[in-house]
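A.B. asks: Sequence plus the predicted model coming up.
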Amino acid sequence: MTLALRPYQIEGRDFLAARRFALLADEMRVGKTPQAILAARHSGLQIILVVCPAIAVAQWKQEFDRWWPDHELEGAVFDVMSYDKAREHDFSGDTYDVAIIDKCHFAKNPQAQRTKAVFGKGGIGWHAKKIWCLSGTPATKHAGELWPMLRAFGTTALSYTDFTRRYCDFDWARRIVGTKQKTIPELKALLAKIMLRRTRKQVAPEMPDIAFEFLAVDPVSRVDLPVGSDEALLSHGAMDSESRREVALAKALPLVEEIAACLERGDYKQTVVFAWHRDAIVAVGAGLRARGISCELLMGGSADGTRQWVQREFRDGHIQVIGAQIIAAGTAIDLSAASHGYFLELDWVPGNNVQAANRLVSMDKDEPVTFDICTWPGSVDDRVQRILLRRARELKEMV
């Protein structure tokens, strides 16, 4: 079977095939996986390694069977491993024609073992003739996350310290809090040497952008995040604080009531609720089920079989609401049966919110995707949610 290729897929295939080092940074849901497989096939590569998040391993194997069904007959061998497996693997005796690093933003911390396994001395890069990185959000929080890849590719000679001093903003305690806006043109010039990026709007002009709105809710208690400067709130580990968990739980019941009312009015038939905290998602699920609304949860640790079943049932219209932790459902999952979703709370890493929101997008539908971000007007939590959304939009400016 020969699958018809769109012009942008051919462009992406040829871009990768012509390069030793490359970053394919197409916006999420444009289809980077097929382009990488097609590039390997087009180049006649035989020994292929894919490194990806654990939850995407099965999907990559399925995509190989779809886009290169006769790879074994053509003598091609591919190995798909998770970042955790790559971290533990001894690559000393291995040689690859190409290493495809999917969701390369997972290898963003220079000190992390998985980053060293991918880009460090003696790692995958030393045993692959080509390295192709894939990510719709190559930097999820700030420009410093680009350094491991750019250094490995020879795009920058700066040390990590010098790179972050040049391109990042710091708080009073010398913690990185964002990207220097004035350096974005220079960053774009660096990335242009190795990167191809197309947005959904470019490859499918008829597709509208994701729309984000703020939904005012009246929490069941007046618990709030601690008062502080923007930098202090976002750099002191508040993501895991007890106060943030309590804020999310306080917004859960009002959101349940909002969803029940919307379903009853027919505003939508299906929706998705994202949150960071497990307790908050469980509370939303319990509240909806108590009202007779079919709801399933996707949490960290959900078995692959469960993930596949939930997606299938949601696609077929048997599930009205999916409650999902942002990280657990932010990768290798299709929730495009819904065109509406909620963020009960946003992840402190802006790029993770973007990844999750794009799970509702599909190139095969033209209905706009909209999200409501739950917020208590006038609260510190409200200020934080608005900062996080703004920073997510700023990250897109880099690429």
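C.D. replies: Here it is on my side, so go on.
A.B. asks: Tell me how far the helix or strand where Phe274 lies lies from the chain's centre.
C.D. replies: Secondary structure assigned from DSSP states H and E places Phe274 in strand 271-275. Here the centre of strand 271-275 is set off from its chain's centre by 15 Å, with Cα atoms, centre = their mean, to the nearest Å.
A.B. asks: quick one: average pLDDT of it?
C.D. replies: Strand 271-275 shows an average pLDDT of 97 in the prediction.
A.B. asks: moving C-terminal of it, what's the next helix or strand?
C.D. replies: helix 278-290.
A.B. asks: one step back: so what touches the strand holding Phe274?
C.D. replies: Counting by Cβ atoms under 8 Å, 6 or more residues apart in numbering, strand 271-275 makes contact with 248, 255, 259, 262, 281, 284, 320-326, 329, 335, 338, 340-345, 353, 356-357, 359-360, all of which sit outside it. C-betas here are computed from N, CA, C, even on glycine.
A.B. asks: One more pass at 7 Å, please.
C.D. replies: Applying Cβ atoms under 7 Å, 6 or more residues apart in numbering, the external contacts of strand 271-275 come out as 248, 255, 259, 281, 284, 321-326, 335, 338, 340-345, 356, 360.
A.B. asks: Asp129 - nearest residue in space that isn't next to it in sequence?
C.D. replies: Asp isn't right for residue 129; it's Lys. In space, not counting the residues next to it along the chain, Lys129 is nearest to Asp97; the distance is 5.5 Å by Cβ to Cβ, 6 or more residues apart in numbering.
A.B. asks: so where's the stretch 1-150 of the chain shaky on pLDDT?
C.D. replies: Across the stretch 1-150 of the chain, the ranges flagged by pLDDT under 70 are 1-3.
A.B. asks: And the strands in it?
C.D. replies: Assigned by DSSP state E, counting those that start in this stretch, the strands in the stretch 1-150 of the chain fall at 21-24, 47-52, 77-82, 98-102, 131-134.
A.B. asks: Output the contacting helices and strands for the last one.
C.D. replies: When you say that, I think you mean strand 131-134. Helices and strands touching strand 131-134, by 3 or more Cβ pairs under 7 Å, 6 or more residues apart in numbering; DSSP states H and E, are strand 21-24, helix 32-42, strand 98-102.
A.B. asks: what do you get if the cut-off is 6 Å, keeping everything else the same?
C.D. replies: The contact analysis (3 or more Cβ pairs under 6 Å, 6 or more residues apart in numbering; DSSP states H and E) places strand 131-134 against strand 21-24, strand 98-102.
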